[in-house]
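Enquirer: Below are the sequence and a predicted model for it; my questions follow.
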Amino acid sequence: MNTDKLIFVVDDDETIRRIIERYLENEGYQVELFATGELAWNRFESQQPDLFIMDIMMPGIDGYELCKRIRGVSELPIIMVSARDDEIDKILGLELGSDDYLSKPFSPRELVARVKTIFRRVGQAESAALKAADERKTETAIEIKDLRVFPDRRQVQHEEVEITLTTKEFDLFLFFVENSNKVFTREQLLNQVWGYDYIGDERAIDDLVKRLRKKLKSKGSIAEIRTVWGYGYKLES
């Protein structure tokens, strides 16, 4: 049973909320239901679940906005569901940081299977991280400006205080650090972060850079990702 796992379900359709709740509770998960993104966000500020399942098309704070807010402070798993089956909706959801995407109507059993898969993957990652921490006696940090970057533990520190980055934010920043003073186009950066088979928009890089700049500035770091107008971006050492 999975009684230690708490899942937040956010959907403005009560019938869907109740169906999801019943199937998840049958698997032993704890479930809290929310009819709006506002209610879920307010609850999230006082209680963090182990996973979010959220609809995209909701009044007020929709699924995209809720996902962005969560990703600003947490890496907990997110599954998005939507009645829209357009490829661009799936891409946007994944770009914003969701871990999975299901189109309505979907099988509740398939949703449960995906929840289990995500929790299994998270458990494996946590075990690997703990093992690496036990085995690691010394670790070389990359120093740039007033920052220390630890590639193995995927961590960035400013004056020994961690700057919390999402997976994609860290991937992009580490690439900049390892190639400081070099200028890269948005396409080159997309290939490094998402891979050569990525079919999304280059604006995803602009969004990542904007978020990185904001986080670095909020910590008082002097490190800066500069825009090279008409070409792309670079990190000066």
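Expert: In hand now; what should we look at? Residues are numbered from 1 along each chain as shown.
Enquirer: Touching the helix or strand where residue 176 lies from outside, list them.
Expert: Residue 176 belongs to helix 167-178 when elements are defined using DSSP states H and E. The list of residues contacting helix 167-178 from outside it, by C-beta atoms under 8 Å, 6 or more residues apart in numbering, reads 75, 97, 142, 144, 149, 151, 154, 156, 165, 189, 192-194, 205, 208-209, 211-212, 215, 225, 233-235. For the C-beta atoms, the positions are set from N, CA and C on the backbone; glycine is no exception.
Enquirer: now stretch 9-22
Expert: Under C-beta under 8 Å, 6+ apart, the answer for stretch 9-22 is 24, 31-37, 39-40, 52-55, 58-59, 63, 66, 81, 104, 108, 111.
Enquirer: now stretch 69-87
Expert: Contacts for stretch 69-87 (C-beta under 8 Å, 6+ apart): 11, 41, 44, 48-57, 61, 63, 67, 89, 93, 96-104, 106, 111, 114-115, 118-119, 122, 164, 166-167, 211.
Enquirer: Filter those down to the buried ones.
Expert: Buried by 16 or more other C-beta atoms under 10 Å: 11, 41, 44, 49-57, 61, 63, 67, 89, 93, 96-102, 111, 114-115, 118-119, 122, 166, 211, out of the contacts of stretch 69-87.
Enquirer: And residue 232, how far from residue 174?
Expert: To residue 174, residue 232 is 17 Å away according to C-beta to C-beta, to the nearest Å.
Enquirer: So the one residue sitting closest to the centre of the chain versus residue 91, what's the distance?
Expert: Central residue of the chain (C-alpha atoms, centre = their mean): residue 97, 3.7 Å from the mean position. Counting by C-beta to C-beta, the gap from residue 97 to residue 91 is 12 Å.
Enquirer: Filter the contacts of stretch 69-87 down to the ones in strands?
Expert: 51-55, 100-103 (DSSP state E).
Enquirer: before we move on, back to that, can you tell me which of the contacts of stretch 9-22 are in helices?
Expert: Among those, the members falling in helices are 24, 37, 39-40, 63, 66, 108, 111 (criterion: DSSP state H).
Enquirer: among those, who's most crowded?
Expert: In terms of neighbours by other C-beta atoms under 10 Å, these top out with residue 66 at 28 neighbours.
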